[in-house]
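> need coordinates for the below:
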Amino acid sequence: MENIILVYITNPTRAEAKRIAKFLLQKKLIACANIFPIESLYQWENKIVQEKEFVLLAKTTEGQFKNVKKEVEKIHSYSVPCVIEIPARANKKYFDWLITSLAA
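Numbering: from 1, shown residues only. Down below sits the predicted model:
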């Protein structure tokens, strides 16, 4: 049985996060997505950068992670997009819905 994962993807704009979420949903690579505004601090080219970004938190299965990562890397505007797999557990009804959504 497949395990659920969350895929954490940072984006420069809400519009890009929505575009990527819709693309992944249409390809049936994810079942659901949430978008949150965040403030990020990170090292980039030997400088500390502070920016507003948007996290796309996508729900899918372990088996889909490679495909999600591949597709995001193709269409993301960042040269080094953040695409992180986070193991997750869900209640049975939600799990069943997610599996059905990916298979439909």
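> please, where are all the helices along the protein?
14-26, 65-75, 92-103 (DSSP state H).
> to residue 48, which of those lies closest?
Closest to residue 48 of those, according to Cβ to Cβ: helix 14-26, at 23.0 Å. Where you see a C-beta, it was placed from the backbone N, CA and C, and this is true even at glycine.
> most tightly packed of the helices of the chain?
Greatest average neighbour count among the helices of the chain goes to helix 14-26 (a mean of 17), per mean count of other Cβ atoms under 10 Å.
> what angle do helix 65-75 and that helix make with each other?
140 degrees (axes from the mean of the first three to the mean of the last three Cα atoms, to 10 degrees).
> tell me who's in contact with the nearest residue to residue 13 once chain neighbours are set aside.
Leaving out its chain neighbours, the residue that sits closest to residue 13 by Cβ to Cβ, 6 or more residues apart in numbering is residue 54, at 6.5 Å. By Cβ atoms under 8 Å, 6 or more residues apart in numbering, the contact list for residue 54 reads 10-14, 16-17, 35-38.
> 7 Å instead?
11, 13-14, 17, 35-38 (Cβ atoms under 7 Å, 6 or more residues apart in numbering).
> many thanks, I have nothing further to ask.
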